[in-house]
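Chemist: For reference, the sequence and a predicted model appear below.
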Amino acid sequence: MKDIGSLLAKWRKDNKDSILEVGGVYIKTKTNSLGEKIKNNDIIKLQYTASFINNSVFYSTYKNNSPDEFQIGREGQMAEGLKIGLLNLNKGQKAEILVPSYLGFGSESKIVPPYTPIIYRVEVLEN
């Protein structure tokens, strides 16, 4: 959690916008949107990168320029922390979502080291 504290301090110093904490997830919005609020069962298209706190990217939809599609709340489609973050955004919005390990991959991942927080840099596309 020390790494998360350091990152949050940097976000607060570098960013004049507020950082929202919801259910253990931290959200820093990059753009405002008048789009519809995301809600459970919505199907959304998402351009995003997933990285470690050191900014090392381990997944990106931008590499093949093809967004991923998700149904919000559908079991097994995304980390719980990402779902919490997305439910606090609007369609068309860009944000960074900091997910602690217990709402991300915990100790169960072949890609993410155990107990590692994740930063999602997301752009929710208008359908």
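Modeler: Cool, the structure landed. Residues are numbered from 1 along each chain as shown.
Chemist: Which residues does stretch 53-68 contact?
Modeler: Contacts of stretch 53-68 with the rest of the structure, by C-beta atoms under 8 Å, 6 or more residues apart in numbering, involve 3-4, 6-7, 45-52, 111-112, 117, 119, 125. All C-beta spots, glycine's among them, are computed from the backbone N, C-alpha and C.
Chemist: Try it again at 10 Å.
Modeler: Residues lying outside stretch 53-68 but in contact with it, judged by C-beta atoms under 10 Å, 6 or more residues apart in numbering, are 3-4, 6-7, 44-52, 77-78, 98, 109, 111-112, 116-125.
Chemist: Buried ones among the residues you listed?
Modeler: If you count burial by 16 or more other C-beta atoms under 10 Å, the buried members of these come out as 4, 7, 44-51, 78, 98, 112, 116-124.
Chemist: which regions of this protein sit below the pLDDT cut-off?
Modeler: Low-confidence regions of the chain, defined by pLDDT under 70, span residues 1-2, 12-18, 127.
Chemist: What ranges does this structure have for its strands?
Modeler: 19-22, 25-29, 43-51, 57-60, 68-71, 94-99, 118-125 (DSSP state E).
Chemist: Report the distance from the last one to the chain centre.
Modeler: Yep, that's strand 118-125 we're talking about. Here the centre of strand 118-125 is set off from its chain's centre by 5 Å, with C-alpha atoms, centre = their mean, to the nearest Å.
Chemist: I'd like to check the angle between it and strand 43-51, please.
Modeler: Strand 118-125 runs at 150 degrees relative to strand 43-51, counting by axes from the mean of the first three to the mean of the last three C-alpha atoms, to 10 degrees.
Chemist: Kind regards, and thank you for your time.
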